[in-house]
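Enquirer: Sequence and predicted structure, then a few things I'm wondering about:
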Amino acid sequence: MSTIFVDKLKNPSGGNNVKVNQLSGIDTAGSISVQGEGTNTTNLQQGLCKQWVHFNGTGTSGGATIAAVDSFNTSSLLDNNTGDYQVSIANNMNNVGYSVSGTIAFEATGTNSLPRQGPAVNEHATSTYQVYAGSNTTSLGDSEVVNTQTMGDLA
């Protein structure tokens, strides 16, 4: 294998965009840093969303499989009960210390203005997590639009 040393890469027309089909760190996993906002840098692997899903949590019953509207690294969705969903991650997280955030909407297209709360995320495992949606009280309720995003280290 050969090593190429260069100060600057340019495409054939003299521009700076160069297309590559593979990019990896030199020494260790997670070693690719990119310039973020201003002069700050961020680690490319750490800064990527590792799993996300958008689904409709209404119209199903406890134990039913839910179809995702769209998703990334999500293997399945399960309706456990009213306002209680289980998300299965296709490629597991490294540990249970990952972060999940999300949003919900009770009714995406109508005029129902019931206050909503959530989603609350609990019961982290490396391959699944629970999503709970409800009103601004302690009761759970199905939501028409549920979105979650996962950040952390993949296994």
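Expert: Cool, the structure landed.

Enquirer: Please make it C-alpha for all contacts and neighbour counts, starting now.
Expert: Noted.

Enquirer: low-scoring stretches of the protein, by residue?
Expert: Segments of the chain classed as low confidence (criterion: pLDDT under 70) are 1, 19-31, 106-117, 135-138.

Enquirer: Backbone dihedrals for residue 152, both of them.
Expert: With angles defined as degrees, to the nearest 10, residue 152 shows backbone torsions of phi 150, psi -160.

Enquirer: so how far is residue 121 from the residue nearest to it when sequence neighbours are not counted?
Expert: Leaving aside its sequence neighbours, residue 152 sits nearest to residue 98 (Cα to Cα, 6 or more residues apart in numbering; 4.6 Å). Relative to residue 121, residue 98 is positioned 11 Å away (Cα to Cα, to the nearest Å).

Enquirer: So those two - more neighbours on which side?
Expert: When residue 98 and residue 121 are compared for neighbours, residue 121 comes out ahead with 19 against 16, by other Cα atoms under 10 Å.

Enquirer: in which helix or strand would I find that one?
Expert: Secondary-structure element containing residue 121, defined by DSSP states H and E: strand 116-122.

Enquirer: And for residue 61?
Expert: When secondary structure is defined using DSSP H and E, no element contains residue 61, which sits outside every helix and strand.

Enquirer: I figured it hits residue 78, correct?
Expert: No - counting by Cα atoms under 8 Å, no contact exists between residue 61 and residue 78, whose distance comes to 9.5 Å.

Enquirer: Who has more neighbours out of those two?
Expert: The neighbour comparison of residue 61 against residue 78 (other Cα under 10 Å) goes to residue 78, with 20 against 14.
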